[in-house]
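# task: produce atomic coordinates for the following.
(chains A and B)
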Amino acid sequence: MIMLKFNKYTKMILSKAVVIAVFMLVGMLAANQYTLYKKLGFMKSISDPNGQALRISQIYSSDEELKHQLDDLKQKRDELNDSAINNADLEKILSADEQKYSILTGKGVVKGEGIRIEINHTLVKTQLVDFVNALKNIGAEAISINEVRIINGTPIAQFENQPKYEIKVLGSKDTLYDATVRQGGAFDLIVNGSAEKVNNLVLPEAK
Amino acid sequence: MNLINKIKNFVVNQSSIFWAVIGLVVGMIIAIEYSSRIPRIINPVISNIALDEMEAKLVNEQAALKEQQEALDSEITDLQSKLKNKQSGLTTSVNEVESLKEQAGLTARAGEGIEIILDDSDKNDENANAIAHASDLRDLIDFLWSRGAQAISIEASGGVEERVIFPTSIDCIVNTVLINNTKSSPPFKVKVIGNRDALLAAVNDHNNLKTIYDRVENSGLIFFITENTQINVAKYSGNLTLDHAKIQ
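Predicted structure coming up:
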C-alpha cells in the first residue's frame, strides 16, 4: 500500500485547496439556483408556442360553440318573430329554456351520461377548488360531491377534509373520462382517484 | 525560488475563511458566466408570428360573437315579453324563465357590494409570488361564495368582463389567464354583489386569505378593496351548451 507523505506546508496548502474547491461548488450551486429562480420569475414574459397553441385551441373551440349557440338563438328569434306561432310552439320554446336554466340552477334532479369519480382520501380546499374547476373546463354540465349538487354560488371549500368523495359529473363521458384519467390529466395533476364511465347518472337537486 | 516561498507563505498564512470566500466568489462567477450564454433560436420565428395572428383573430371573433349573442338574447327577451302580454296564458312560463335566467347569472345585476383589485406587483420583482395567478382568483371567488356573495364578475385589463356562473372555469395557460375561455390579463377587478359590511369584514381579515396577504407583504402583490359601494355585474355571455344533462 502506497502511503503519501506530505510535509507540513503541503498539508496546509492541500487543506486550503479543499476549502476553495468545496466553496467553489457551493458558490456554483447558489448562483445556479439564483438564475433558475430568476428564470422562473421571467416565465410570464416568455413566449411559449406550446402554451399559446393550447390557448388557441381553447379559444377556437369556445368560438365554435358560440357559433352553434348563435344559430340556435337565431332560430328561436325567427320562430318567435313568426306571427303565425301558436301557443303550443311558444310553450315548447319556453319549456326548452326552462329545462336548460333549471339544470344550471340546480332545480330538479338531473340525469344523463357522465363519469363517477371515487377518491378515497381527504382533500384540502385548494385541491377541491382546482379539481372542480378542471371538471368545468373539460365540459361538466352538472356536478355533485357526496350527493350535494354544485351550482352557481356553492362554495367548494365546504367539502374539505372529508374522508372520501364520490363525485358525479354529467357531460360527454368519453371526454370527461379521458381528460381525467390520462397521463397529465386531472388525476395526475390534482388528486388521486378512480373514474368510471356511466350511461345514466342521476344527480340530486340543489338544496 | 523566493517568489514560490512567498506564495507558499501567503497561502498558509491566510485563514480558511479567506479561501472559502475566494472559492465561493469564483464558483458563482463560473456558474453565472455559464448560464449567461446567449441562446440560439431553434424554431423558425414565423411560426410564433402565425400563432400570434391566429390568437388575435380568434379573440376578436370571440368578442364579436359574444356581442351578437347579447343582442340576440335581448331581442328574444323583448319578443317573449311582448308575446306574454299578447297571450296571457304564457305569463307564468315567461316569468319563470326570466327568474331562472337571473338565478343562473344570465342577466346583468346591480346592487351594494365590494370591488377588489388583484394585480401583479409594480416593483418589477420577477418572482412567481408577485404575480396575480388564476389560482388566486379561484380561491378568492370560492371564499366570496362562502361569505354570502350573490353575484360575481371579473373585469380584466381592457374592460373585458366575465360573469362567474356554474360553468365558469378560470385557468392559466403559460402567462395568460382564461376566464370562461376568454383571454384576460391583470389588473383584475373582482366585482361582488352582497352585504357590503359582511364581505368587507371577511376579505379584510388576513387570516381568511393568508396566502394572498402574505404575498402582498413579502412580494408586493397588489390586493385591495376599492371605495365603490354600488356594483354592476355584467350578464354571462359565453357558451351554454348542455348536450347531455336532462331534467329527470
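# quick one: the strands in chain A?
A:110-119, A:142-145, A:148-150, A:165-170, A:194-203 (DSSP state E).
# how deep is whatever residue of chain A ends up closest to chain B tucked in, by neighbour count?
When scored by C-beta to the nearest C-beta, chain A has A:Gly27 as its residue closest to chain B, at 2.6 Å. All C-beta atoms are positioned from the backbone trio N, CA, C, and that covers glycine. Residues near A:Gly27, counting by other C-beta atoms under 10 Å in any protein chain shown, number 23.
# thought it was touching B:Val25?
Yes - proximity of A:Gly27 to B:Val25 meets the contact threshold set by C-beta atoms under 8 Å, at 6.5 Å.
# so who does residue 154 touch?
This is for chain A. By C-beta atoms under 8 Å, 6 or more residues apart in numbering or on different chains, A:Thr154 lies in contact with A:Val148, A:Ala206, B:Trp145.
# to clarify, I was referring to chain B.
So B:Ile154 contacts B:Leu137, B:Ile141, B:Glu161, B:Glu162, B:Val164, B:Ile170, B:Ile179, B:Ser184, B:Phe188, B:Lys189, B:Val190, B:Lys191 (C-beta under 8 Å, 6+ apart).
# which one of the residues you listed has the most neighbours?
Neighbour max across the contacts of B:Ile154 (other C-beta under 10 Å) = B:Val164, 28 neighbours.
# surely that residue and B:Ala104 touch.
No - contact criterion C-beta under 8 Å: B:Val164 and B:Ala104 do not qualify, at 11.7 Å.
# sorry, back to before: next, format the contacts of B:Ile154 as TSV and append secondary structure and distance to A:Gln69.
Shown next, in TSV, are the contacts of B:Ile154 (DSSP: H, G, I helix; E, B strand; the rest coil; distance: C-beta to C-beta, whole Å):
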residue	secondary structure	distance to A:Gln69
B:Leu137	helix	25
B:Ile141	helix	24
B:Glu161	strand	19
B:Glu162	strand	16
B:Val164	coil	19
B:Ile170	strand	21
B:Ile179	strand	18
B:Ser184	strand	21
B:Phe188	strand	26
B:Lys189	strand	27
B:Val190	strand	26
B:Lys191	strand	25
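# now the residues you listed in TSV, with pLDDT and distance to A:Val202?
Below are those laid out as TSV (pLDDT from 0 to 100; distance: C-beta to C-beta, whole Å):
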residue	pLDDT	distance to A:Val202
B:Leu137	96	32
B:Ile141	97	28
B:Glu161	94	36
B:Glu162	94	31
B:Val164	97	27
B:Ile170	94	29
B:Ile179	93	31
B:Ser184	91	36
B:Phe188	96	37
B:Lys189	97	40
B:Val190	97	35
B:Lys191	98	36
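# leaving aside the residues next to it on the chain, what's closest to the residue of chain A closest to chain B?
Once flanking residues are discounted, A:Gly27 sits nearest to B:Gly27: 2.6 Å by C-beta to C-beta, 6 or more residues apart in numbering or on different chains.
# which element is that neighbour on?
helix B:16-35 (DSSP states H and E).
# could you give the mean pLDDT of the helix or strand following that helix?
Where DSSP H and E defines the elements, the next helix or strand beyond helix B:16-35 is helix B:45-86. For helix B:45-86, mean pLDDT rounds to 80.
# after helix B:45-86, next one along is what?
According to DSSP H and E, the helix or strand after helix B:45-86 is helix B:91-104.
# mean confidence for that following helix?
Here the average pLDDT along helix B:91-104 is 88.
# which strands or helices does that helix pack on?
helix A:87-105, helix B:45-86 (3 or more C-beta pairs under 8 Å, 6 or more residues apart in numbering or on different chains; DSSP states H and E).
# would a markdown table of those helices with mean neighbour count and distance to A:Gly171 be doable?
Shown next, in a markdown table, are those (neighbours: other C-beta atoms under 10 Å in any protein chain shown; distance: least, C-beta to C-beta, whole Å):
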| stretch | mean neighbour count | distance to A:Gly171 |
| --- | --- | --- |
| helix A:87-105 | 18 | 11 |
| helix B:45-86 | 15 | 22 |
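# out of these, nearest to A:Glu196?
A:Glu196 sits nearest to helix A:87-105 of all these, at 22.4 Å, using C-beta to C-beta.
# ok, the residue nearest the centre of chain A - contacts?
Centroid check for chain A by C-alpha atoms, centre = their mean gives A:Ala134 as the closest residue, at 2.2 Å. Counting by C-beta under 8 Å, 6+ apart, A:Ala134 touches A:Ala179, A:Ala186, A:Leu189, A:Ile190, B:Ser169.
# on that earlier part again, name the member of the contacts of A:Thr154 with the most neighbours.
In the contacts of A:Thr154, the most neighbours by other C-beta under 10 Å go to B:Trp145, 21 neighbours.
# element containing that one, please.
Judged by DSSP H and E, B:Trp145 forms part of helix B:134-146.
# what's the first helix or strand after that helix?
Next element after helix B:134-146 (DSSP H and E): strand B:151-155.
# give the rounded mean pLDDT of that next one.
Per-residue scores along strand B:151-155 average to 97.
# on that earlier part again, could you say what helices and strands the helix holding B:Gly27 packs with?
Short answer (3+ C-beta pairs under 8 Å, 6+ apart): helix B:16-35 packs on helix A:8-41.
# related to what we said a few turns ago, for the residue nearest to the centre of chain A, report the pLDDT, please.
pLDDT, read off for A:Ala134, is 93.
# next one: the one 5 residues further on
A:Gly139 carries a pLDDT value of 91.
# got it, and A:Gln162?
A:Gln162 is assigned a pLDDT of 94 by the prediction.
# give the contact list for it.
Per C-beta under 8 Å, 6+ apart, neighbours of A:Gln162: A:Thr122, A:Leu123, A:Asn146.
# re the thing from before, and the residue nearest to A:Gly27, how far is that from A:Val148?
Using C-beta to C-beta, to the nearest Å, B:Gly27 is found at 57 Å from A:Val148.
# do the same with B:Lys191
Using C-beta to C-beta, B:Lys191 is found at 27 Å from A:Val148.
# confidence score at the residue in chain B positioned nearest to chain A?
Of all residues in chain B, B:Gly27 sits closest to chain A, at 2.6 Å by C-beta to the nearest C-beta. B:Gly27 carries a pLDDT score of 89 in this model.
# care to break chain B down by domain?
B:45-102, B:109-233 (automatic domain parsing).
# got it, and chain A?
A:59-105, A:110-203.
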